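Trainee: Show me the folded form of this:
(chains A, B and C)
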Amino acid sequence: MKRRSTFLIIVVALMCFSEAIAQGVSYLDGNEFVLAETKQVNQFFRRFNGEEDYDGTRFYSSDSLFRSPLLRQVYLSNLFDKLSNNMPDSMKNSFIFNVTDSYNPKFLNHRRNDWYAQVDVMISYEKQEHPCTLFLKMERENKGTKWVLANVYFQPFTYHFKGVDFFGTEPYKPGPYLHPKSHEIKFVNLKKAFGKLDEIEKYAANEFNPDFLTLFIYELKRGNAKFLDIKNVKFHFFQVDNWYFELSSLSRKSMNSGWLITDLMRVAEKDKEILRKYIFFHENNHAN
Amino acid sequence: MSLFTYRTAVYILVLLFIFSCKSSQTAKSDEVDEEPQVIRSSDIILVDKELKDTLEGYFKLFAKMDLADIEGRDAKMAEVFEYFSSPDTPVFFALYNSDGEKYYDKPVTISKYLHYLRDTRQAPHIIQAVKLDESQTKITKIELAVK
Amino acid sequence: MTYKALFCLYFVFVFFTTPDKPCIGQSSADYFEEEEPIDPEQKLKVDSMAMEKIRDLSKYIAIIGSKSTPFSEANRVVSRALELFAEGSVIGVSSLDKEEVKQYEIKKYFERLMALSYDKVKIQWFDIQYISDLEMTPDGKYVGVVTIYQKFEGLQGDALIYKDVTKKDITIYVERKIMQVEGTHVNFWDVLLGDIVVSETVL
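Mentor: Alright, predicted model coming up:
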């Protein structure tokens, strides 16, 4: 118990006071920042769960500090981007309280498929450079795991499907249709329908959901699209009941750097699917 | 020069592989033990201290060698190769024992190993065992472990 | 209750609980295997092997980048350095002022380094590194990432002409293999370096 308290005091002390002490130091003393930095997503998981020492040594279930609520509270308070204004302290505290509740603690598990990587990339398409967003998730194969493509957001594709109500929120607007007696006239009206290219998706069934990943692979295979560069990577977590958070990498000379939570939201479980769709498909969420 | 002088033998590595007696393998150790697996029981060898000292001396020499002195390096390599059946003689690195199984790092040739010592400026290994050819004069396998 | 009745009950349950489209649930099907893929003590040994290879790599880089190394020697060291890597490995380089990550094949990266020809290359390590857990890939290998921090200095005479501090995230592939040595099975760990991302840091 004594060892445990001493360790926690050291952790708290390092996190609270080193920022002041480390001002104006030469880079070699900057090791303090490196130590504090959440250096990998792996480390974010371990710190979130209270599964490693401050210097990164793994705890196992036999260690006294393994998943200690107190240790987790200390780690978690430094796992948020402290410079961000869109997460009020009350909300962060409520989240920390929620996930470290000793009766019902919540842990992150990287081997689940309810967290997504968002990879912003550049694509050359029809001889022009375009930003494109790939969403990946974890999948099991054989005894191992792998990242797989879950969705693609690519503005040149979405532009052609403006008529599709992705979120089911748009009010009814009359549009073109094939009238209910078209079968009697051997669907001769189809030719007219296929002439209206800008509205053609409105002839599709209710359940029609354009699959941009299929289009993306098709265009890559046809040689029309070419992968160029990776711009940025961040993650979306839906794992904690009734919460959503975003994880991004922040490189700065501070005790609060590396992989940090940059957005936090209370989201009822029933609404998470809507949020996921918003992240996947809404133009506001993507560079154009 | 005899590589196999019983009188001066200090490091006696007797290889006992009795797979039929697995029940006796109760002790689990992380340390590299004295029973090399690559060099089998049938190759029971007494590593001559003189040979061990000589070769480990060469290893240290290579770790300190001037990187610009290519001729000196090649001359010293030729000297070391005299002890081996060929520059491609395999070098094994024993890592640890787990559940009675011994684990190794990927083997390299003696030629590559000498380059490694010189390039990385270190001699981190000791000789655990050697296997000699039928004439008992040239090394055909060598097993090392981290000091 | 009869078997048929039980089945009907199950059917009704499934009918009302199965969503028509896949959605974000936390059903048991979302979980993968929980067990540690590798014994913790063996993991420590593998970690130290990986760290050793990374240290070797930086020593090779110092030789390759130094003008005092004869061309033939630099070439030999490049091929030794390449032996540390899995085939097809790339190195991604990101700088503070540019957003994208430039990618080079590892061999190209060494060739560029040779062409730079500093009189002397100095690589200093921060004493902190982070070694991830090892995760099993579908084909039964293990993969991990080691993060290290280094200060690189290229000198011309005594003058410092290039300096950077970088964070390097290095993939390591670990595979347990069995080799036949004169009829005996020999277990060995094949540890190879993979893709690397080098990011300039503000430290």
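Trainee: got the contact list for the residue of chain C found nearest chain B?
Mentor: Nearest to chain B in chain C, going by C-beta to the nearest C-beta, is C:F188, at a distance of 4.1 Å. Where C-beta positions appear, they are placed from N, C-alpha and C, glycine not excepted. Listed by C-beta atoms under 8 Å, 6 or more residues apart in numbering or on different chains, the contact set of C:F188 reads B:Y103, B:Y104, B:D105, B:K106, B:P107, C:R176, C:K177, C:I178, C:M179.
Trainee: Pipe those residues into CSV and attach pLDDT per row.
Mentor: Shown next, in CSV, are the contacts of C:F188 (pLDDT from 0 to 100):
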residue, pLDDT
B:Y103, 90
B:Y104, 93
B:D105, 93
B:K106, 92
B:P107, 93
C:R176, 90
C:K177, 92
C:I178, 92
C:M179, 88
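Trainee: Which members of these occur in strands, if any?
Mentor: B:Y103, B:Y104, B:D105, B:K106, B:P107, C:R176, C:K177, C:I178, C:M179 (DSSP state E).
Trainee: quick one on the thing from earlier: per-residue confidence at the residue of chain C closest to chain B?
Mentor: Here, the pLDDT recorded for C:F188 equals 92.
Trainee: same question, the one 10 residues further on
Mentor: According to the prediction, C:V198 has pLDDT 92.
Trainee: could you measure C:F188 against chain A, distance?
Mentor: With the distance defined as C-beta to the nearest C-beta, to the nearest Å, C:F188 ends up 21 Å from chain A.
Trainee: now that residue, nearest residue through space, not along the chain?
Mentor: B:Y104 (4.1 Å; C-beta to C-beta, 6 or more residues apart in numbering or on different chains).
Trainee: who's the one you found bridged to?
Mentor: In this entry, B:Y104 is beta-bridged to B:A94, C:F188, by DSSP bridges.
Trainee: separation between it and C:I178?
Mentor: Going from B:Y104 to C:I178 by C-beta to C-beta, to the nearest Å gives 11 Å.
Trainee: repeat for C:R80
Mentor: 25 Å.
Trainee: picking that back up, when B:Y104 and C:I178 are compared, which one has more neighbours?
Mentor: Applying other C-beta atoms under 10 Å in any protein chain shown to B:Y104 and C:I178 shows that B:Y104 carries more neighbours, namely 24 against 8.
Trainee: I'd assumed C:N187 was in contact with that one.
Mentor: Yes - applying C-beta atoms under 8 Å, one finds B:Y104 in contact with C:N187, separated by 6.7 Å.
Trainee: ok so, going back, now render the contacts of C:F188 as CSV, adding distance to B:L95.
Mentor: Output for these, formatted as CSV (distance: C-beta to C-beta, whole Å):
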residue, distance to B:L95
B:Y103, 5
B:Y104, 6
B:D105, 6
B:K106, 11
B:P107, 12
C:R176, 12
C:K177, 13
C:I178, 15
C:M179, 14
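Trainee: Pick out the most distant pair among those residues.
Mentor: B:P107 and C:R176 (15.0 Å; C-beta to C-beta).
Trainee: Comparing those two, which shows the higher neighbour count?
Mentor: A side-by-side neighbour count of B:P107 and C:R176, using other C-beta under 10 Å, places B:P107 first with 19 against 15.
Trainee: Was I right to think that one contacts B:P90?
Mentor: Yes - assessed by C-beta under 8 Å, B:P107 is found in contact with B:P90 at 4.9 Å.
Trainee: From C:W189, how far off is the closest residue to chain C within chain B?
Mentor: In chain B, the residue found nearest to chain C is B:Y104; the distance is 4.1 Å by C-beta to the nearest C-beta. Between B:Y104 and C:W189 the distance is 7 Å, computed by C-beta to C-beta.
Trainee: residues shared between the contacts of the two?
Mentor: Joint contacts of B:Y104 and C:W189 (C-beta under 8 Å, 6+ apart) are B:L95.
Trainee: Looking at the contacts of C:F188, which is nearest C:D133?
Mentor: C:R176 (16.5 Å).
Trainee: which residues does that closest one form a beta bridge with?
Mentor: Residues in a beta bridge with C:R176, per DSSP bridges, are C:W189.
Trainee: any idea how far it is from A:T38?
Mentor: From C:R176 to A:T38 the distance is 30 Å (C-beta to C-beta).
Trainee: A:N242 now?
Mentor: 24 Å.
Trainee: Compare these two and say which one has the larger neighbour count.
Mentor: Just comparing A:N242 and A:T38: by other C-beta under 10 Å the higher neighbour count belongs to A:T38, 25 against 15.
Trainee: For that one, which non-adjacent residue is closest in space?
Mentor: A:G258 (3.6 Å).
Trainee: That neighbour contacts A:L35, doesn't it?
Mentor: No - the criterion here is C-beta under 8 Å, and A:G258 misses it with A:L35 at 10.6 Å.
Trainee: Settle it for me: which of these two has more neighbours?
Mentor: For the pair A:G258 and A:L35, the greater number of neighbours falls to A:G258 (26 against 18), based on other C-beta under 10 Å.
Trainee: So is stretch A:46-59 next to chain C?
Mentor: Yes - judged by C-beta under 8 Å from any C-beta of the partner chain, stretch A:46-59 and chain C are in contact via A:D55, A:G56, A:R58.
Trainee: near chain B, which residues of chain C?
Mentor: Residues of chain C lying near chain B (C-beta under 8 Å from any C-beta): C:39, C:41-42, C:45, C:49, C:55-56, C:59-60, C:63, C:68-70, C:73, C:76-77, C:80, C:179, C:181-182, C:184, C:186-191.
Trainee: And the ones in strands among the contacts of C:F188, which is closest to chain A?
Mentor: Set against chain A, the nearest of the ones in strands among the contacts of C:F188 by C-beta to the nearest C-beta is C:R176 (13.2 Å).
Trainee: Correct me if wrong: that closest one contacts C:H185.
Mentor: No - with contact defined as C-beta under 8 Å, C:R176 and C:H185 do not form a contacting pair (11.9 Å).
Trainee: remind me which residues of chain C are low pLDDT?
Mentor: The model of chain C has pLDDT under 70 over residues C:1-37, C:203.
Trainee: that older thread, what sits against the residue nearest to C:F188?
Mentor: Residues in contact with B:Y104, defined by C-beta under 8 Å, 6+ apart, are B:V38, B:F92, B:F93, B:A94, B:L95, C:V186, C:N187, C:F188, C:W189.
Trainee: Count the residues that sit near residue 41.
Mentor: Going with chain A. Per other C-beta under 10 Å, the neighbour tally for A:V41 reads 19.
Trainee: that's the wrong chain, I meant chain C
Mentor: 12.
Trainee: secondary structure class for the residue in the stretch 1-150 of chain A positioned nearest to chain B?
Mentor: In the stretch 1-150 of chain A, the residue that lies nearest chain B is A:Y60 (16.3 Å; C-beta to the nearest C-beta). Classification of A:Y60 by DSSP: H, G, I helix; E, B strand; the rest coil places it in coil.
Trainee: what do you get for A:R67?
Mentor: Following three-state DSSP, the label given to A:R67 is coil.
Trainee: What is the neighbour count of it?
Mentor: By other C-beta under 10 Å, the residues close to A:R67 number 15.
Trainee: Look up the closest residue to it, ignoring the ones flanking it.
Mentor: A:G50 (4.6 Å).
Trainee: Ok, B:K112 next?
Mentor: Per C-beta to C-beta, 6+ apart, closest to B:K112 is C:R80, 7.4 Å.
Trainee: Check what contacts the host helix or strand of that neighbour and list those residues.
Mentor: Assigned by DSSP states H and E, C:R80 belongs to helix C:71-83. Contacts with helix C:71-83, where a contact means C-beta under 8 Å, 6+ apart, come from B:67, B:70, B:112, B:115-116, B:119, C:57, C:60-61, C:63-64, C:69, C:106-107, C:110-111, C:114.
Trainee: The helix or strand encompassing A:W259: which residues count as buried?
Mentor: Per DSSP H and E, A:W259 falls inside strand A:258-266. Neighbour counts over strand A:258-266 (16 or more other C-beta atoms under 10 Å in any protein chain shown) mark A:G258, A:W259, A:L260, A:I261, A:T262, A:D263, A:L264 as buried.
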